[in-house]
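Visitor: task: produce atomic coordinates for the following.
(2 chains)
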Amino acid sequence: MGSTLKPKPTDVYGALIHMYPPSFRKHYGVTMVQTFDDMLEAEVNRTGRWLIWIRALLDLPLSAAKEHITNGENIFMNRVTKLILIGALAAILIVGLGAFWFGTLRARQNVGIVRVGVAEVANAMQQDRFYADYGDTVLLFSGKVSTVKQGDKATLVTFVTDRPYSVICQFPTNQTVKVGQTLSVAAPGGNADRQPHGVLLHNCLEN
Amino acid sequence: MKRQYNQLPQVAFSILLALSLRERHGYEIIKQVTEDSNGKINLSPGALYTSIRQLLEHQLIQEVWREDDTRRRYYCLSKKGKTVLGAEMDYYQNTVALARQRQILEITHGVYA
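Guide: Here you go, the predicted model:
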C-alpha cells in the first residue's frame, strides 16, 4: 500500500526541473526527465543510482542558474556578456582597492607613527605629557648610544641627549650595539615607564 | 582568417564527438561522452540539455524525428557541426603533433621522470 504512495524518481526530478526557465522547461523538460529515467533504468546497482541522483542534484541548480542568466542567449559568451563580466570584475577590483587604501589609511591614523628627536622623548616624560603625546603612537628616532647593558634575554641601550634626561631602550633580543654608534629605533609609545632621569621604552626594534 | 577551431566548450565538443558516428538520444550521448572521456566527463541531463540548446542555436546539431521511438529526442551532427568538429580536431591534431615534436608528452607521461 505504502509503496504506491511513494513518488517515482522521475516525478521528483520532474518537479525539480521547475528551477529552469519556463521556455527551456517547455522545450526540454519532458526529454530531460526521460533521459534521467533512462540513466536510472540502465544503472543496476544502488550506489550507481545514488551517484546519478547526487550528480543530478549538484548539476540542476548550476545549469538552471546558467539558463536563467543567459536567458536563452548563448553562453559561448557574446560581447555584451563579456563586457558585463569585465565591468563587474573591474568594479569589484576598484571597490577592493579602495577598501584596502581606506583601511590602510585608517590603520595608519589609528596607530600613528611619529618621528621625534631623542631629547624630545625624554623631555616629554619629565614634563608629564609623554602618554598624552605618544601613548597611541609608534616612535621613530635615532640617536647616539651612550651605554649598552647586555642581559640574558634583553639589551638595554641608553641614548645621549643634550638634556638632563635620557632615553633607555629595552630590546627583547641580544642586540649587537656599540657605544658611540648611531642607532635608529622604533618603539611603541604605549609601552614606556618613567625613570628617575628619563624614560624606559620597552620592546624596541632596530629600525 | 576567422578562427574556427578551439572555440567550443569541453562539453559541447564532447557532444559533437559523441554524435560523430551516428544520431543518438540524450542518454546515449551521455554514455558515449563518458566512454570517450575514459569516465572523466559524467554529464547530467541538466548540463547535457543546456549544451544541446546552444548547439542547436548554433546549428551545429539538429533534431531527428524517429518513428520507432517517439518518447525520446534524437540528435545528429549538422553539416556545419561536422565542419566545426573537423576544424576542432585539426587543431587538436596539430597540438598533439607539436607536443610530440617538443617531447612534451614524453615528459608529462613520465618517460624522463
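
Visitor: the one helix or strand A:Leu139 maps to: which residues count as buried?
Guide: Assessed by DSSP states H and E, A:Leu139 sits inside strand A:138-150. Going by neighbour count (16 or more other CB atoms under 10 Å in any protein chain shown), the buried part of strand A:138-150 is A:138-139, A:141, A:143, A:145, A:148. Every residue, glycine included, has its C-beta placed from N, CA and C.

Visitor: now do the SS call for A:Asp38.
Guide: Classification of A:Asp38 using DSSP: H, G, I helix; E, B strand; the rest coil returns helix.

Visitor: so A:Val199 lies in a strand, does it not?
Guide: Yes - counting by three-state DSSP, A:Val199 is part of a strand.

Visitor: thinking again about what came up before, what are the C-alpha coordinates of the strand holding A:Leu139, in CSV please?
Guide: Extracted in CSV, the C-alpha atoms of strand A:138-150 (Å, rounded to 0.1, in the frame of the first residue of the first chain):
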residue,chain,number,x,y,z
VAL,A,138,55.0,54.3,17.4
LEU,A,139,58.1,56.5,18.0
LEU,A,140,60.8,56.6,15.4
PHE,A,141,64.0,58.2,16.4
SER,A,142,67.7,57.8,16.1
GLY,A,143,70.5,58.8,18.4
LYS,A,144,74.0,58.1,19.6
VAL,A,145,74.4,55.2,22.0
SER,A,146,75.9,56.2,25.4
THR,A,147,75.8,52.8,27.3
VAL,A,148,74.9,49.3,26.5
LYS,A,149,73.9,46.7,29.1
GLN,A,150,73.5,43.1,27.9
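
Visitor: which other helices and strands contact that strand?
Guide: Applying 3 or more CB pairs under 8 Å, 6 or more residues apart in numbering or on different chains; DSSP states H and E, we find strand A:138-150 packed against strand A:113-115, helix A:118-126, strand A:155-159, strand A:166-171, strand A:182-188.

Visitor: just how off-centre is it within its chain?
Guide: Relative to its chain's centre, strand A:138-150 lies at 35 Å (CA atoms, centre = their mean, to the nearest Å).

Visitor: list the neighbouring strands of that strand plus their orientation.
Guide: strand A:113-115 (parallel), strand A:155-159 (antiparallel), strand A:182-188 (antiparallel) (DSSP bridges).

Visitor: let me know the closest of the buried residues of strand A:138-150 to B:Arg72.
Guide: Distance to B:Arg72, by CB to CB, is smallest for A:Val138 among these, at 73.9 Å.

Visitor: ok, the closest residue to the closest one other than its chain neighbours - contacts?
Guide: Counting by CB to CB, 6 or more residues apart in numbering or on different chains, A:Val138 lies nearest to A:Ile113, which is 4.9 Å off, once chain neighbours are set aside. A:Ile113 is in contact with A:137-138, A:140, counting by CB atoms under 8 Å, 6 or more residues apart in numbering or on different chains.

Visitor: residues of chain B that sit close to chain A?
Guide: B:7, B:9, B:25-27, B:30-31, B:42, B:44-50, B:52-54, B:57-58, B:71-73 (CB under 8 Å from any CB of the partner chain).

Visitor: so how do I select the buried members of those residues in ChimeraX?
Guide: Per 16+ other CB under 10 Å, the buried members of these correspond to this ChimeraX selection:
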select /B:25,26,27,30,31,44,45,46,47,48,49,50,52,53,54,58,72,73
